[in-house]
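Participant: need a structure here:
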Amino acid sequence: MSTDKNRATAAAILPLVGGPDNIVTIAHCMTRLRITLRDRSLVQDEALKAVPAVMGVVEDDTYQIVLGPGTVARVTPEFEALVAEGRSAAPAADHPAGHGADELAAQGAALKNARKAKNSTPFKLFLRRIANIFVPLIPALIGCGIIAGLNGFITNMGWLPAVVPALAAMASGFMSLIAVFVGYNTAKEFGGTAILGGAVAAIIVFPGVTKIDAFGQQLSPGQGGVLGALAAALLAVQVEKWCRKWVPEALDVLVTPTLTVLISGLVTIFGLMFVAGEVSTAIGTFATWLLATGGAFAGLVLGGLFLPLVMLGLHQALIPIHTTLIEQTGYTVLLPILAMAGAGQVGAAIAVYYKLPRNGSIRATIKSALPAGFLGVGEPLIYGVSLPLGRPFITACIGGAAGGAFVGLFNQLGTAFGSTAIGPSGWALFPLLDGKSGMGMTIAIYAGGLAVGYLVGFAATYFFGFTKQMLVDFNTGPDTDAAAPQTAPQAPAAEPANTSDSAPVPVGR
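Facilitator: Numbers count the residues shown, from 1 in each chain. Below you'll find the model as predicted:
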C-alpha cells in the first residue's frame, strides 16, 4: 500500500470507531490494529467490515481490526496521526449500528460472544498477557531468522566469505539478548517499571555469570533463557510493588530500584537460572523425543487439534515454548506442523466454494479471503465460513491432521526441520525454514505437507462437510428463491479468531 492508501484506510476506519475522542489507546500486533474505546456503542461494525482493507474485527480486551501482515504496520502510524490531529475536535456523534445481519452472521456473532466469555477465565487472561510479552518480538525474530537463512545459504555455496561473519552478527545479536527484551516487556505488561525488568533479565545473559558457583553448579550465560527472564521479571514486578507500598516517598527513587534489582537478581542467580534452565532443556528434549519416536501420530494430533486450541485461547501457551526451542536449536520444530491446520482450512474453504455454487455471498467471502489464507492468515475463512457452518470446521481439522502427520512422519524418519521465527504461516513460512537435511529437502517436505492439508481438507469437506439439509439451506441464490423458501443465510463479513495476534501462531497467523 502506498502512503496515500494507508492514510485513506486510516481515515476510513477512524469515524467508524467513534472518532478520535473515542480512542483511548492504540497499538498493533502482526496483523491487527488494537484500540481501546471509550464508548463501544459508537462503533459501526458492519460498515467497518466493509472497508476494503479490513479483513475482519475482533472484540476482546481491546477492539481489534484485522488488516493483515505488513498493512497494519503502515496503517497504524497514519491512524495515530489522525487521532492526534482530531483530539481537539468535537465529540463524535452517535452512529447507528449496522444492520442487515442474517442467520449465518448471527451464528458467527454468537460464536464470537461465546468464545469471548470462555476466553475470559483468569488462566486464559494470563496466557493472553504472556502472549503480549512475546508478540512485539516477532518482527525481530522474523528479520533475524531470514538473515540467518540467507547466511546459511551463502555459507553453503561458499560465496562472499567476508560478509558471512557480518550476517552472522546481525542474525545472532538479537537472539543473544532476547532475554533482556522479554524481561522488559514482562515488567511493562504486569505493571512494573519496564527497564527494571530488563535489568534483572540481563543478568541471565551477562558473560560474567560463568564465575558464579550456585550450589555446586557453575552458571553459564543464557542459562534459563526466556523462561528464566520471564520469571525473573515477574519477581521484579512483585518486589517493586512491595517497595512502592512500604518505602517512604522521600527514599523511593533510591531504595526501590536498588532493592528490586538486588533481591530479584539474587533469586535469579541462585535459583531461577538453574530451575528455568532445567525446564528449558526438558522442553527441548521432549519435543525432539516426541517427533523422533511418534512423529506421525504427534503431527496428526498437533495438526488436528490446533484450530480447537485457538478457539479455546490455549494456543498462546505455545509461544514461550516456540521461543525456547528457537533459542536452543535455532528453530522450532512445532510450527511447521501447526501450520498444517491453516492448510486444512484453505482446502475446506475451496470445497465449500464448489459445494455452494448458487450462494454468491459465501463464495465472494471465500474468494476475498483465500489469498490471505494461503499466506497463513486464516481467521476470515474460519469465522466467515467454516466455523458458522459447523461440519466444514471439523473437516478442516481433519485436513490439518493429515498435513501434520505427513510432516511429523519425516521428523520421525530423521528429517527434522523447523521455523527460525514465529508469526508467519502458510506460504509465508518458506523463507524461515531451516533444518539439518538441506534446504531443498526441507522445502519439499513442508510443501508436501501443505499439499496434503489442502487435498485432505478439500476432500473431507466436499464429501462429508455437508448434510443434504445443509445443501438445501445454503446452496440458494436468486434463481431458486421463487421455488423454495428463503432459509439460507448469507455469509458474514470475515470474522477473525479471538487470539492475541498473537499469536503469532499459524492458522491463523
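Participant: Now do the nearest residue to Ala348 once chain neighbours are set aside against Trp159, distance only.
Facilitator: Using Cβ to Cβ, 6 or more residues apart in numbering and skipping residues adjacent in sequence, the residue nearest Ala348 is Ala396, 3.7 Å away. From N, CA and C alone the C-beta is placed, and that goes for glycine too. Separation of Ala396 from Trp159 (Cβ to Cβ, to the nearest Å): 42 Å.
Participant: pLDDT weak spots in the stretch 351-500 of the chain?
Facilitator: Along the stretch 351-500 of the chain, the model assigns pLDDT under 70 to residues 477-500.
Participant: now the chain
Facilitator: Within the chain, the set of residues satisfying pLDDT under 70 comprises 1-2, 88-120, 313, 477-509.
Participant: quick one on the thing from earlier: who's more crowded, Ala396 and Trp159?
Facilitator: Between Ala396 and Trp159, counting by other Cβ atoms under 10 Å, Ala396 is the more crowded of the two (37 against 10).
Participant: Now that one: which helix or strand?
Facilitator: According to DSSP states H and E, Ala396 maps onto helix 391-412.
Participant: Give me the buried positions along that helix.
Facilitator: Neighbour counts using 16 or more other Cβ atoms under 10 Å place 391-412 of helix 391-412 among the buried residues.
Participant: Next, the angle helix 391-412 makes with the top helix by length along the chain.
Facilitator: Identified as the longest helix of the chain according to DSSP state H is helix 273-312. Orientation check (axes from the mean of the first three to the mean of the last three Cα atoms, to 10 degrees): helix 273-312 against helix 391-412 gives 150 degrees.
Participant: So what's the gap between the next helix or strand after helix 273-312 and the chain middle?
Facilitator: The C-terminal neighbour of helix 273-312 among helices and strands, as given by DSSP H and E, is helix 318-329. Remark: helix 318-329 is offset 14 Å from the chain centroid, using Cα atoms, centre = their mean, to the nearest Å.
Participant: With stretch 12-27 instead?
Facilitator: How far stretch 12-27 lies from its chain's middle: 24 Å, per Cα atoms, centre = their mean.
Participant: Using CSV, write down the CA coordinates of it.
Facilitator: Coordinates of each C-alpha in stretch 12-27 appear next as CSV, following Å, rounded to 0.1, in the frame of the first residue of the first chain:
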residue,chain,number,x,y,z
ALA,A,12,-12.0,5.4,6.6
ILE,A,13,-11.6,3.5,9.9
LEU,A,14,-11.5,6.4,12.3
PRO,A,15,-15.1,7.7,12.1
LEU,A,16,-16.4,4.1,12.1
VAL,A,17,-14.9,3.6,15.6
GLY,A,18,-16.4,6.7,17.0
GLY,A,19,-13.8,9.3,16.0
PRO,A,20,-10.6,10.5,17.7
ASP,A,21,-12.2,11.3,21.0
ASN,A,22,-13.4,7.7,21.4
ILE,A,23,-9.9,6.3,21.2
VAL,A,24,-8.1,5.7,24.5
THR,A,25,-5.0,3.6,23.3
ILE,A,26,-3.6,2.5,20.0
ALA,A,27,-1.3,-0.5,19.4
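Participant: what's in contact with that stretch?
Facilitator: The contact list for stretch 12-27 (Cβ atoms under 8 Å, 6 or more residues apart in numbering) reads 33-39, 42-44, 47-48, 51, 53-54, 62-63, 65, 75-76, 79-80, 82-87, 89, 91-92, 95.
Participant: Please repeat the previous calculation with a cut-off of 7 Å.
Facilitator: Here stretch 12-27 makes contact (Cβ atoms under 7 Å, 6 or more residues apart in numbering) with 34-39, 42-44, 47-48, 51, 63, 65, 76, 79-80, 82-83, 86-87, 89, 91-92.
Participant: In PyMOL, how would I select the buried members of those residues?
Facilitator: The buried subset of those, as determined by 16+ other Cβ under 10 Å, is captured in PyMOL by this line:
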select buried, resi 34+35+37+42+43+44+47+48+51+63+65+76+79+80+82+83+86+92
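Participant: Show me the contacts of stretch 12-27 that map onto strands.
Facilitator: Secondary structure from DSSP state E places Arg34, Ile35, Thr36, Leu37, Tyr63, Ile65 of these in strands.
Participant: Tell me which two of those residues sit farthest apart.
Facilitator: Thr36 and Ile65 (12.6 Å; Cβ to Cβ).
Participant: residues of stretch 217-228 that come out buried?
Facilitator: Result for stretch 217-228 [16+ other Cβ under 10 Å]: buried residues Leu219, Gly222, Gln223, Gly224, Gly225, Val226, Leu227, Gly228.
Participant: can you give me the strands in this protein?
Facilitator: Under DSSP E, the chain gives strands at 23-28, 32-37, 56-59, 63-66, 213-214, 217-218, 417-419, 433-435.
Participant: Paired strands for the fourth one, with orientation please.
Facilitator: In its sheet, strand 63-66 lies beside strand 32-37 (antiparallel), strand 56-59 (antiparallel), with partners assigned from DSSP bridges.
Participant: The ones you listed: which one's closest to Ser419?
Facilitator: Closest to Ser419 of the strands paired with strand 63-66 is strand 32-37 (Cβ to Cβ; 20.9 Å).
Participant: sorry, back to before: quick one, which of the strands of the chain gets closest to Ala250.
Facilitator: strand 23-28 (32.7 Å).
Participant: what pairs with that closest one, and is each one parallel or antiparallel?
Facilitator: strand 32-37 (antiparallel).
Participant: So for Val385, which of the strands of the chain sits nearest?
Facilitator: Closest approach to Val385 among the strands of the chain is made by strand 56-59 (11.6 Å; Cβ to Cβ).
Participant: Convert the C-alpha atoms of the helix holding Ala396 to PDB, please.
Facilitator: Written as PDB, here are the backbone C-alpha positions of helix 391-412 (Å, rounded to 0.1, in the frame of the first residue of the first chain):
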ATOM      1  CA  ARG A 391     -19.200 -29.500   9.800                       C
ATOM      2  CA  PRO A 392     -16.600 -27.800   7.500                       C
ATOM      3  CA  PHE A 393     -14.700 -26.700  10.500                       C
ATOM      4  CA  ILE A 394     -14.400 -30.300  11.600                       C
ATOM      5  CA  THR A 395     -13.300 -31.400   8.200                       C
ATOM      6  CA  ALA A 396     -10.800 -28.600   8.100                       C
ATOM      7  CA  CYS A 397      -9.300 -30.000  11.300                       C
ATOM      8  CA  ILE A 398      -9.100 -33.400   9.500                       C
ATOM      9  CA  GLY A 399      -7.100 -31.800   6.700                       C
ATOM     10  CA  GLY A 400      -4.800 -30.200   9.300                       C
ATOM     11  CA  ALA A 401      -4.300 -33.500  11.000                       C
ATOM     12  CA  ALA A 402      -3.300 -35.200   7.700                       C
ATOM     13  CA  GLY A 403      -0.800 -32.500   6.800                       C
ATOM     14  CA  GLY A 404       0.600 -32.600  10.400                       C
ATOM     15  CA  ALA A 405       1.000 -36.400  10.200                       C
ATOM     16  CA  PHE A 406       2.900 -36.000   6.900                       C
ATOM     17  CA  VAL A 407       5.400 -33.500   8.300                       C
ATOM     18  CA  GLY A 408       5.700 -35.400  11.600                       C
ATOM     19  CA  LEU A 409       6.400 -38.700   9.700                       C
ATOM     20  CA  PHE A 410       9.500 -37.200   8.100                       C
ATOM     21  CA  ASN A 411      10.600 -35.900  11.500                       C
ATOM     22  CA  GLN A 412      10.300 -39.500  12.700                       C
END
